[in-house]
Structures are given as C-alpha cells and as structure tokens.
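Trainee: how does the following fold in three dimensions:
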Amino acid sequence: MARGPRYRVPFRRRREGKTNYYRRKRLLLSNLPRLIVRKTNNYIIVQIAEATPIGDKILIQAHSSELSDFGWKAGTKNTPAAYLTGLLIAKKALKKGITEVVPDVGLHTTTQGAKIFAALKGASDGGLSFNLGEEKVPSEERIQGEHIANYAKLLESEDPKLFKKRFSLYIRRNLRPQDLPSHFTEIKERIISKYEG
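Mentor: Coordinates of the predicted model:
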C-alpha cells in the first residue's frame with residue numbers, strides 16, 4: 001500500500017469497487033434523473049434515481065424477475081430479458097411523468113453489444129429520452145434472442161443430452177428455446193399494451 005504524507009485514502013465505495021466518483025460527478029451535473037443499469041449473476045436491474053444531499057432516492061425500478069408477470073418463461077439474465085426490463089422501466093417512468101434521463105452504467109465495461117446496452121435500447125424504444133450510441137447497441141437479432149434459438153437448434157441435433165442440460169429451465173417452463181424470438185415479441189407486445197392500452 002502507498003505511504004507518505006501526500007497519500008490520500010480513496011473513499012470507501014471507491015476502494016470496494018462500487019462507485020467511480022469522477023463519473024458520478026459528471027452525471028450529477030446534468031441535473032437529470034439517472035437511469036441506472038446493473039446486472040447480477042441471475043438478474044438485470046434497472047432503476048431511475050435522483051441525487052439528494054442525504055443519498056440517492058430511487059424513483060422507479062424494474063427487475064427482470066418482474067417479466068414473469070407478463071408470461072416470460074426464458075432466463076432473466078440474457079439479452080432479450082435486459083431489453084424487456086429496459087422497456088418496462090420506460091413505460092413505468094412515462095406513467096410517472098419522467099421523460100428525460102441520463103444513463104448510468106456504473107463500473108461495468110461498456111463493451112459493444114453488452115446486455116447493459118440492450119437494457120438502454122429497451123428504455124429508449126419505450127420512450128425515454130437520452131443520448132444512446134447506436135454503435136454499442138446489440139443487433140436486432142441478438143435483442144430478439146435469435147442467437148440463443150440458433151444455438152439451441154444446433155445443440156439439439158448434435159448433442160441432445162447437453163441440450164437438455166443447458167436449456168433445462170426452458171424445458172421445465174414448457175418453452176422451446178427455438179421459439180424464443182416469437183416469445184420475446186409476444187411479451188414485448190404485452191408490456192406495451194398494459195401501459196398504453
């Protein structure tokens with residue numbers, strides 16, 4: 001560890017790898033609510049928060065586990081689930097009168113085609129206004145889950161045993177992984193119709 005009279009210990013959340021204070025300061029200067037996107041090993045979490053002197057105040061949140069309320073049978077951490085979670089928070093935000101936000105991806109690496117950008121694309125398509133670099137967004141095929149469906153077709157023909165192991169969740173929920181793109185479209189329409197119908 002560095003020593004000496006000029007060494008300054010970083011803030012606790014910076015030491016824990018939770019907050020980049022330089023980036024956070026730049027986001028707060030926008031004076032807009034932050035659209036926070038986080039992913040865990042099993043879920044995608046999207047929140048809209050505003051900063052207050054005593055800490056962040058969460059205004060709205062959407063969790064990929066909520067997709068089951070609309071009949072979602074696939075995984076809750078894949079690219080299609082990330083997009084739908086972003087779409088869901090946008091519809092919730094518009095109902096509360098929030099239309100403009102600034103994206104906050106935290107310490108996640110902003111890799112092209114990442115799930116985080118799928119969630120942001122969902123929020124943008126849902127009606128929230130913010131700057132989104134389209135070059136970073138996954139392709140429409142990946143957002144709809146066609147890559148998963150194609151892999152499932154290949155695996156089922158080459159190794160049925162491994163297919164059953166890898167897609168056990170889908171099989172248990174009576175969803176053929178090959179049908180994921182059409183299932184995605186169906187759930188997307190349900191979310192839109194609930195908030196706009």
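Trainee: quick one: distance of stretch 179-186 to the chain centre.
Mentor: Here the centre of mass of C-alpha atoms in stretch 179-186, compared against the chain's by Cα atoms, centre = their mean, to the nearest Å, lies 18 Å away.
Trainee: residue 145 contacts residue 182, correct?
Mentor: No. Using Cβ atoms under 8 Å, residue 145 is not in contact with residue 182, being 9.6 Å away. Backbone N, C-alpha and C define where each C-beta goes, glycine included.
Trainee: of those two, who's got more company?
Mentor: For residue 145 versus residue 182, neighbours defined as other Cβ atoms under 10 Å are more numerous around residue 145 (25 against 12).
Trainee: show the pLDDT at the more buried one.
Mentor: For residue 145, the model assigns a pLDDT of 97.
Trainee: over to the one 4 residues further on?
Mentor: According to the predicted model, the pLDDT of residue 149 comes to 97.
Trainee: you'd agree residue 58 is in a strand?
Mentor: Yes. Applying DSSP: H, G, I helix; E, B strand; the rest coil, one finds residue 58 inside a strand.
Trainee: how about it, what does it touch?
Mentor: Contact analysis of residue 58 by Cβ atoms under 8 Å, 6 or more residues apart in numbering lists 47, 48, 49.
Trainee: switch the cut-off to 7 Å
Mentor: Contacts for residue 58 (Cβ atoms under 7 Å, 6 or more residues apart in numbering) come out as 47, 49.
Trainee: what separates residue 188 from residue 114, distance-wise?
Mentor: In this view, residue 188 and residue 114 are 20 Å apart by Cβ to Cβ, to the nearest Å.
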